[in-house]
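A.B. asks: sequence and predicted structure below; questions after.
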Amino acid sequence: MRIATTGMTVLATVLVCTLGRTQDVAPAAPAGGTVEYAVENGALVVVQGETRTTVAADGRVESVLVSGKELYAALGERGVAVYALGDPASPKLARIVPSPGGRVTGFHVAGGEVWMEIASVSAVPVGGRGAVAKGSSQATPEVSIEAEKKEAQLRAKRIARKIGIRRMEPGKIEVDAGSADGVQVGDRLSVFHTRPVEDGGEESFVGRELVAVVEVIAVKEKSALAELGRGARVSKEDEVEPARADHESSNTYPHKLEGLAEVGATIRPLIKVGTPVGGGLLSDVFATYRGGSYFMGLRMQPLGLGWTDEGNVVSVSALVEGGYDGRAFGVGLGVGLSSVNGDMDFMLESSSVAAVDAGGKDKGQKSYSQRTRNALALSQQVRLGALDGLSLTVYNIIIYHDATSGADSGFIYGGTSGRGNIPLGTRTSLFVEGGGGVMGYGFGALGVSSWIIGNGDAGSLQLSVSAGGAAVWGSREVTQTDSEGKEYTTAQEVMVAGPMVSMGLAYRFGF
């Protein structure tokens, strides 16, 4: 490799053909005499004995190489001139190979193939204050941002024709430009959607919206596979071009996807800690449709069930919901039914009811009963932030409590659930969730979610896992008969609580 002394020189190698060895004078041995090729004062010269013949070249020649029946001449920024050696004494120009960026200064052989050496000069700031110095002999070996930008611009110029979308699949697209057009793995491409914009005049304007910035993950000669960003949606009619530096996709504030339905469930199994033996689960189930600026759906949250030797536990709400759904926030209301096991008056008490005849005189029999109580339920929900980006969602339940005496009947607070979502990348997010209330449920967990298929648009499948703790509880009625035949009825708490791990699945499809 050659290292220039002017400025900072970065050497790259690009494949040209096969075989050969770099030199400034390249010999050939045709029948009848010896022919050599030399570089003299920037010109390509054929040397045959005492005869020296100059060969026309489109630029200053810096180095030559003979490989098989071809002669290669390095022309600096113009690239490489390839000459046919049918007659070694009279080379004929066969083709010009353009430089992919920088000056072609020579050749070398690697792996049985001939490569061109490319020298590109770049600079870095002196003292870190942004000044660009050229010609310093003390330049660092780092490639400057400006040099990288220039190289990207040169490659972008080679993709001059219009790029179309060949094929789409969840989270990926195939474009009809490949390595033959200069597309490389890691390249960023911008996808634009063109649509008419009415202004009331005779002719409508044409709007061009940036809908996605994709990254190339695999290339073939005439096509490339690119990965869509979080929440990006494209169509086959969209236009694709090399992305500018200011074109970026956002993981924290992705586009809002419309015309999309989603179904999902999260299951949190429980094993009761302590006695009596018990178990249960606390789950969420939902189905939602999101239109242009609205949403509607069904939700069961909480869906709590428990089993113990002392009785069973149910804490369920099922609601129909709807409301406004925007990119930055959403808000909605719902109505439905809630169900709990036991006495709601007892569950609202701050302390449990004292046992009857605690002095131990009561030697009568005991009996237990439990029933499910249903009530009208209302829900409130609000989301701050983008649905699939950085966001906080809070969900409240309000239930109508019909007190036993009738004096305290009315709507009461049932519970609150919340979830905070923090994007970690294009497909993965960290989330924290928790909640609970007098309906008889409570939980808290930390987890990770990932789109294992797709990017959040139609056809996407999301998997969520978390760990934490949860509980569901209710009450049962205990009826005691003392030795004198008198009956006393009290309420006793039934609870299933313990550590839990959860798994959730959500699938999205379009209409």
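C.D. replies: Sure, I can see it.

A.B. asks: Ser293: neighbour count?
C.D. replies: 12 (other CB atoms under 10 Å). In short, each C-beta sits where N, CA and C put it, glycine included.

A.B. asks: got it, and the one 10 residues further on?
C.D. replies: Leu303 sits with 22 neighbouring residues when counted by other CB under 10 Å.

A.B. asks: quick check: closest non-adjacent residue to it.
C.D. replies: Ser283 (4.3 Å; CB to CB, 6 or more residues apart in numbering).

A.B. asks: okay, and the beta partners of that neighbour?
C.D. replies: Beta-bridge pairing for Ser283 (DSSP bridges): Ile267, Leu303.

A.B. asks: just checking, what packs against the strand or helix carrying Phe107?
C.D. replies: Phe107 is part of strand 103-110, with elements assigned from DSSP states H and E. Applying 3 or more CB pairs under 8 Å, 6 or more residues apart in numbering; DSSP states H and E, we find strand 103-110 packed against strand 8-18, strand 63-67, strand 70-74, strand 113-122.

A.B. asks: thought the residue nearest to Leu303 was touching Arg268?
C.D. replies: Yes - using CB atoms under 8 Å, Ser283 makes contact with Arg268 at a distance of 6.3 Å.

A.B. asks: picking up where we left off before, now do the buried residues in the strand holding Phe107.
C.D. replies: Neighbour counts over strand 103-110 (16 or more other CB atoms under 10 Å) mark Arg103, Val104, Thr105, Gly106, Phe107, His108 as buried.

A.B. asks: residues contacting the residue nearest to Leu303?
C.D. replies: Contacts for Ser283 were tallied using CB atoms under 8 Å, 6 or more residues apart in numbering; they are Ala265, Thr266, Ile267, Arg268, Met300, Pro302, Leu303, Gly304.

A.B. asks: and with 10 Å instead?
C.D. replies: 265-269, 300-305, 316, 502, 504 (CB atoms under 10 Å, 6 or more residues apart in numbering).

A.B. asks: what do you get for Val285?
C.D. replies: Here Val285 is in contact with Val263, Gly264, Ala265, Thr266, Ile267, Leu298, Arg299, Met300, Gln301, Leu303, Ala318 (CB under 10 Å, 6+ apart).

A.B. asks: neighbours around the last one, how many?
C.D. replies: Counted with other CB under 10 Å, the burial measure for Ala318 works out to 16 neighbours.

A.B. asks: what's the answer for the first one, then?
C.D. replies: Val263 has 15 neighbours, counted by other CB under 10 Å.

A.B. asks: which non-adjacent residue is nearest it?
C.D. replies: Nearest one to Val263, counting by CB to CB, 6+ apart, is Ala287 at 4.7 Å.

A.B. asks: ramachandran angles for that neighbour?
C.D. replies: Dihedral pair for Ala287: phi -140, psi 120, per degrees, to the nearest 10.

A.B. asks: what residues are up against it?
C.D. replies: Contacts of Ala287 by CB under 10 Å, 6+ apart are Ala261, Glu262, Val263, Gly264, Ala265, Met296, Gly297, Leu298, Arg299, Met300.

A.B. asks: please, which helix or strand holds the third one?
C.D. replies: In this case it means Val263. Using DSSP H and E, the element containing Val263 is strand 260-271.

A.B. asks: next one: that strand to chain centre, how far?
C.D. replies: Distance of strand 260-271 from the chain centroid (CA atoms, centre = their mean, to the nearest Å) equals 21 Å.
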